[in-house]
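Novice: Need a 3D model of the following:
(2 chains)
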Amino acid sequence: MFSGLVVLGPLLVALGLAGGAAALAVHRRVPAASLPLPVAGARRRGEVWTGLAALAGGGTAAAFLAGAWRLHEERLVVTLPLAAATAYALVALAAEATWPRPLTRVRSARLLARSVRDGASPGLLRCAVAAGALLAAVCLLGAALGAEDGRSVEWSSPDGLATWSAGTFPGAALTAPVCALGLLAAVVTAAVLHLVPVRPSVPAADEATDAALRRVAAHRVLRTSTAAATLTLAGLLLLAGVSATGLGGDYQLAAGDLRTSAPPWGWRALAGVALWSSPAVALAGLATLFWPAPGLRRERASAGAA
Amino acid sequence: MTALRVLVDTASPVPVYEQLRRQVATLVTTGALRTGDRLPAARALAADLGLALGTVQRAYRELELAGLVVSRRRTGTVVTASAAPVDEEVRWAAEGYVERALQAGLDEEEVVDLVRDALLRARSRRAPAR
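Specialist: Below you'll find the predicted structure:
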């Protein structure tokens, strides 16, 4: 029953959020007919590449899930969101790198200095940095507290006569691939964010429309990577919380004495926080994944067409 | 504020870097670009104009040699114009002339040709008789 809720709960929340985000996107969408032809073409190109990136991300996630199912390898499950986000970001990188350049005889450009901060929204950038820092901290803490096998956590009674072990715990064996993939996802995402401001402007698009198209591209890749980091963080917190709260208990000596040993209060509090914060962190990750991109607005589109 | 634009003709006999240099220099001299204004990164401008990066870098280098801009790693290329500001009345007269010439049906080349012609006449009038 509980395991069913663990699987179905996030799935239902994700479906609800996806439905809401799709409805909002359809409601806000400016019809292609009211956009200048090159702007509509640029938006379509962005959407096609986003579809390809989503396919790559989804395919990677499915491959990791199938591998985990077949090999009974929890590392594949833990690294699944970051692997999917890396695949997504790599396709986005290809999209930005192949953005069409002007080929006409006479060409014009705005003398406008653009930077990474113009593209990515400050709120989402802060979320990305926070998620990355928290994930790195949890990985380091897990690696430091985990047992030698890197997949479990141990507690020994003060007299050393009893030892409790619980897993799966995010020790070094699990957090090392998470850190490696997290770093890769961050590098590819940063590369996309740096390419967005220096890609060619869309001909016939005014300044605001061109900026909106760039913001959409930056937002999509940043929200995917941030969501992946947040969902991975939620998974690690859940594993750490479940395994760390199960340590300690009664043990009997040969003489028949019954003793009790449990980790200190601070340890249990930390485990409790990890366990109970993980659903909220997972929800935040799902909400980030469906955070609507600040696309073209109707008034902007009409200005662009003017 | 609407961003200023530069225009290049890839089929023109004037090299593209020179077209760029001239236009930016004109914008600085006329005060349209002021001290501290940032120019786009060479890479971004090259992408917008579909040019090789080296072409834009050459234009920026020439502008830097002329003391009109300065390029720094952190801030990018920034205008450091020390050119004397153009009198407002002269600017209005120029804008009025362009407006009138365009209304009369002249194209941009013809508008500039007329100015060149007027400059030649003015120069010959001012030259001391031999």
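
Novice: Give me the three-state assignment for A:Gln154.
Specialist: Slight slip there: residue A:154 is Glu, not Gln. Following DSSP: H, G, I helix; E, B strand; the rest coil, we place A:Glu154 in the strand state.

Novice: from what I can see it touches A:Ala162, true?
Specialist: No. Look at A:Glu154 against A:Ala162 with C-beta atoms under 8 Å: they stay out of range, at 10.8 Å. The way it works is simple: take the backbone N, C-alpha and C, and place the C-beta from them, glycine included.

Novice: host element of B:Val115?
Specialist: helix B:108-126 (DSSP states H and E).

Novice: What helices and strands are in contact with that helix?
Specialist: Packing partners of helix B:108-126 (3 or more C-beta pairs under 8 Å, 6 or more residues apart in numbering or on different chains; DSSP states H and E): helix B:88-103.

Novice: For the helix it packs on, which helices and strands make contact with it?
Specialist: helix B:108-126.

Novice: where do the strands sit along the chain?
Specialist: Reading this off chain A. Under the criterion DSSP state E, strands of chain A are mapped to A:106-110, A:152-156, A:163-167, A:249-252, A:258-261.

Novice: not quite, I wanted chain B
Specialist: Under DSSP E, chain B gives strands at B:5-9, B:69-72, B:76-79.

Novice: where's B:Ala127 relative to chain A, distance?
Specialist: 37 Å (C-beta to the nearest C-beta, to the nearest Å).

Novice: Neighbours of that residue, how many?
Specialist: 8 (other C-beta atoms under 10 Å in any protein chain shown).

Novice: who in the stretch 101-250 of chain A is up against chain B?
Specialist: A:101-103, A:105-114, A:197-201, A:207 (C-beta under 8 Å from any C-beta of the partner chain).

Novice: Tell me the spacing between A:Gly46 and chain B.
Specialist: 16 Å.

Novice: Give me the below-cutoff pLDDT ranges for the stretch 201-306 of chain A.
Specialist: A:295-306 (pLDDT under 70).

Novice: How about it: which residue is closest to chain B?
Specialist: A:Ser201 (4.9 Å; C-beta to the nearest C-beta).

Novice: circling back to that earlier point, adding distance to A:Val78 and mean neighbour count, write the strands of chain A out as a markdown table.
Specialist: Conversion of those to a markdown table gives the following (distance: least, C-beta to C-beta, whole Å; neighbours: other C-beta atoms under 10 Å in any protein chain shown):
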| stretch | distance to A:Val78 | mean neighbour count |
| --- | --- | --- |
| strand A:106-110 | 45 | 18 |
| strand A:152-156 | 14 | 18 |
| strand A:163-167 | 13 | 17 |
| strand A:249-252 | 27 | 12 |
| strand A:258-261 | 30 | 12 |
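
Novice: any idea how far A:Leu222 is from the most centrally placed residue in chain B?
Specialist: Relative to the mean C-alpha position of chain B, the nearest C-alpha, by C-alpha atoms, centre = their mean, is the one of B:Gln23, at 2.2 Å. B:Gln23 is 35 Å from A:Leu222, where distance means C-beta to C-beta, to the nearest Å.

Novice: same thing with A:Leu80?
Specialist: 19 Å.

Novice: One more: A:Thr189?
Specialist: Taken as C-beta to C-beta, the span from A:Thr189 to A:Leu222 is 6 Å.

Novice: Residues in contact with the helix holding B:Val115: which ones?
Specialist: B:Tyr97, B:Val98, B:Ala101, B:Leu102, B:Leu106 (C-beta atoms under 8 Å, 6 or more residues apart in numbering or on different chains).
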